[in-house]
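Visitor: this one's sequence-less:
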């Protein structure tokens, strides 16, 4: 059932989900380019496959591939696998259920230009004095830059850096096993696989605990003017591998450089993580990119038995922002906790599509999704799917989405979805959509607090439940930025 609320009206619509079909082939998209005869495939019947392809997608993939420098054989393997999935994959439309409420015209109507390498001066990249992270990696327009990063001495066996800079053969072999073996996603996942200039690797060996979080800062430097039809695109990609009993904290922060807060660009990012038996990953994700940008993020997580994954997310930037979050519990006694907050203060779409699959006994999961739409043309989307399969007995899964609509005609579309095949489970889900309740405001007014101040306090508390879960060193900065967006006036 789809729950759609616009302003003060609530509509419940029964739905029958549809999913785009997928296909594969041994030929890459380059094998079907009619303009380059030397690349024509020798397979017996390529024409039917080519005729079903989307010319826009093929042209985009070719443009990305032609912009890339030479790379390691491992990245060639990734790019080949990604190109296979694009041969007959059309560009998503509003007729496709996963994109029913997500308008991709900002990207489709633009001229896509890959950022081959950062060309603008990088000396003015913002830093945050309140950060206390000894390990900080700078990823500029999808490119990991060692010169702007700070990688201190780490525990023995830990590697943090680019794939091209990886010297350990054992770690390289481990990465090679995983980088193309994880379950793929949609078209944007594959575009990232083709366009990623390198792979940023975080590797934690067995039994190792990394004390300080690893801070990945993604800077968007290249951009075109507001309203431009040119859209620079970057494709950063990260692989996190935490071996048995290991522990690490990952902070991903997507931001703009000074002066390009309203510029147009497209960040198409992907992070995949393998969390082995008894390991733990604490993942913080902050997105404050340009209000004219497109931001599409893929997070793919595989959890083995007795492992734990915690995600805390705050997304406030982008004209189009979408997070595809896919998690699989691949062993018993596995714990997954997801806490997200989306804020739309302008003509923005904030979209979270999540999928959690539980396949083994005694799995535990909690998902709290919150969103605030504070603009009449703002929109938030939540599509959360929790699937408890037959052998996931004694599962405890909970899902809750809560939305605040602060302006008339503000829109939120939510679809919490709980599929249960097992018969010995404890599962629940719920959704709440409203403006601030009059009874809450009355409580403050009755105690001498004016309504405007009361509203600010209640909204801060609504978002604070998520922000409080961030590490101490970034929590106050995120809180301050959240408040300034809701109340830009100095007082």
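Guide: Good, I have the coordinates. If you're wondering where the values come from, they're calculated on a predicted model, not measured in any experiment.
Visitor: quick one: average confidence on stretch 133-153?
Guide: Averaged over stretch 133-153, pLDDT sits at 89.
Visitor: stretch 334-350 now?
Guide: On average, stretch 334-350 scores 97.
Visitor: how far away from the center of its chain is that stretch?
Guide: 10 Å (CA atoms, centre = their mean, to the nearest Å).
Visitor: could you work out the end-to-end span of it for me?
Guide: With CA to CA, to the nearest Å as the measure, stretch 334-350 spans 29 Å from end to end.
Visitor: buried ones in that stretch?
Guide: 334-345, 348-350 (16 or more other CB atoms under 10 Å). To be clear about C-beta, it is placed using only N, CA and C from the backbone, and glycine gets the same treatment.
Visitor: mind listing which of those are in strands?
Guide: Mapping the buried residues of stretch 334-350 onto strands (DSSP state E) picks out 335-344, 349-350.
Visitor: of those, which is the nearest to residue 485?
Guide: residue 343 (6.3 Å; CB to CB).
Visitor: give the contact list for residue 319.
Guide: Shown in contact with residue 319 (CB atoms under 8 Å, 6 or more residues apart in numbering): 106, 290-294, 346-349.
Visitor: if we use 6 Å, what do you get?
Guide: Taking CB atoms under 6 Å, 6 or more residues apart in numbering, we find residue 319 in contact with 292, 348.
Visitor: what separates it from residue 250, distance-wise?
Guide: 26 Å (CB to CB, to the nearest Å).
Visitor: could you say which helix or strand contains residue 298?
Guide: strand 294-303 (DSSP states H and E).
Visitor: I'd like the next helix or strand past that strand.
Guide: Taking DSSP H and E, what comes next after strand 294-303 is strand 308-315.
Visitor: how about residues contacting the helix or strand following that next one?
Guide: As assigned by DSSP H and E, the chain's next helix or strand after strand 308-315 is strand 320-329. With contacts defined as CB under 6 Å, 6+ apart, strand 320-329 is touched by 106, 294-303, 315, 336, 349-358, 363.
Visitor: ok so, going back, can I get the ones in strands among the buried residues of stretch 334-350 in a markdown table with distance to residue 84?
Guide: Shown next, in a markdown table, are those (distance: CB to CB, whole Å):
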| residue | distance to residue 84 |
| --- | --- |
| 335 | 35 |
| 336 | 30 |
| 337 | 35 |
| 338 | 31 |
| 339 | 36 |
| 340 | 32 |
| 341 | 37 |
| 342 | 33 |
| 343 | 38 |
| 344 | 36 |
| 349 | 30 |
| 350 | 32 |
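Visitor: closest one of the residues you listed to residue 177?
Guide: residue 336 (23.3 Å).
Visitor: which pLDDT value goes with the residue nearest to residue 94 when sequence neighbours are not counted?
Guide: The shortest distance from residue 94 to any non-neighbouring residue, by CB to CB, 6 or more residues apart in numbering, is to residue 100 (6.0 Å). Model confidence at residue 100, given as pLDDT, is 93.
Visitor: contacting residues around residue 228?
Guide: Residue 228 neighbours (CB under 6 Å, 6+ apart): residue 264.
Visitor: which of the helices or strands spans it?
Guide: Applying DSSP H and E, one finds residue 228 in no helix or strand.
Visitor: just the pLDDT at it, thanks.
Guide: For residue 228, pLDDT reads 79.
Visitor: cool, and residue 256?
Guide: So, for residue 256, pLDDT stands at 80.
Visitor: tell me the helix or strand right after the longest helix seen in the chain.
Guide: In the chain, with assignment by DSSP state H, the single longest helix is helix 451-467. Downstream of helix 451-467, the first helix or strand assigned by DSSP H and E is helix 472-486.
Visitor: which two of the buried residues of stretch 334-350 have the greatest separation?
Guide: So, these by CB to CB: farthest apart are 334 and 345, at 36.4 Å.
Visitor: in terms of secondary structure, what does the strand holding residue 298 contact?
Guide: strand 266-275, strand 320-329 (3 or more CB pairs under 6 Å, 6 or more residues apart in numbering; DSSP states H and E).
Visitor: any chance you could list what contacts that strand?
Guide: Counting by CB under 6 Å, 6+ apart, 106-107, 182, 185, 188-189, 266-275, 289, 309, 318, 320-330, 334 sit against strand 294-303.
Visitor: please apply the same query to stretch 455-462.
Guide: 436, 440.
Visitor: name the element residue 439 belongs to?
Guide: helix 438-445.
Visitor: just want the angle from that helix to helix 451-467.
Guide: 110 degrees (axes from the mean of the first three to the mean of the last three CA atoms, to 10 degrees).
Visitor: what ranges does the stretch 151-300 of the chain have for its helices?
Guide: Along the stretch 151-300 of the chain, the stretches classed as helices by DSSP state H, counting those that start in this stretch are 169-178, 187-195.
Visitor: and the shortest one, what's its mean pLDDT?
Guide: When pLDDT is averaged along helix 187-195, the result is 93.
Visitor: quick one: low-confidence parts of the stretch 251-400 of the chain?
Guide: 258-261 (pLDDT under 70).
Visitor: just give me how far the helix or strand hosting residue 146 sits from the chain centre.
Guide: Using DSSP H and E, residue 146 maps to strand 143-150. Taking CA atoms, centre = their mean, the mean C-alpha location of strand 143-150 is offset from the chain mean by 22 Å.
Visitor: parallel or antiparallel, list what pairs with it.
Guide: Sheet partners assigned to strand 143-150 using DSSP bridges are listed as strand 135-140 (antiparallel).
Visitor: tell me what angle the partner strand forms with strand 266-275.
Guide: Going by the same axes, to 10 degrees, strand 135-140 makes 150 degrees with strand 266-275.
Visitor: so what touches strand 135-140?
Guide: Outside strand 135-140, the residues touching it (CB under 6 Å, 6+ apart) are 118, 145, 148-151, 212, 214-219, 221, 236.
Visitor: just those now: which is nearest residue 244?
Guide: The closest of the contacts of strand 135-140, once distances to residue 244 are taken by CB to CB, is residue 214, at 19.2 Å.
Visitor: before we move on, the earlier item: the helix holding residue 439: which residues count as buried?
Guide: 441, 444.
Visitor: mind checking what secondary structure the residue nearest to residue 347 when sequence neighbours are not counted has?
Guide: Distances taken as CB to CB, 6+ apart place residue 377 nearest to residue 347, at 4.3 Å, with adjacent residues excluded. On the three-state scheme (DSSP: H, G, I helix; E, B strand; the rest coil), residue 377 is labelled coil.
Visitor: what number of residues lie near residue 377?
Guide: 14 (other CB atoms under 10 Å).
Visitor: is it true that it touches residue 348?
Guide: No. Residue 377 is beyond contact range of residue 348, at 8.3 Å (criterion: CB atoms under 6 Å).
Visitor: how much space separates the residue nearest to residue 94 from residue 418?
Guide: 19 Å.
Visitor: so where do the strands sit in the stretch 51-200 of the chain?
Guide: 111-114, 135-140, 143-150, 159-162, 200-204 (DSSP state E, counting those that start in this stretch).
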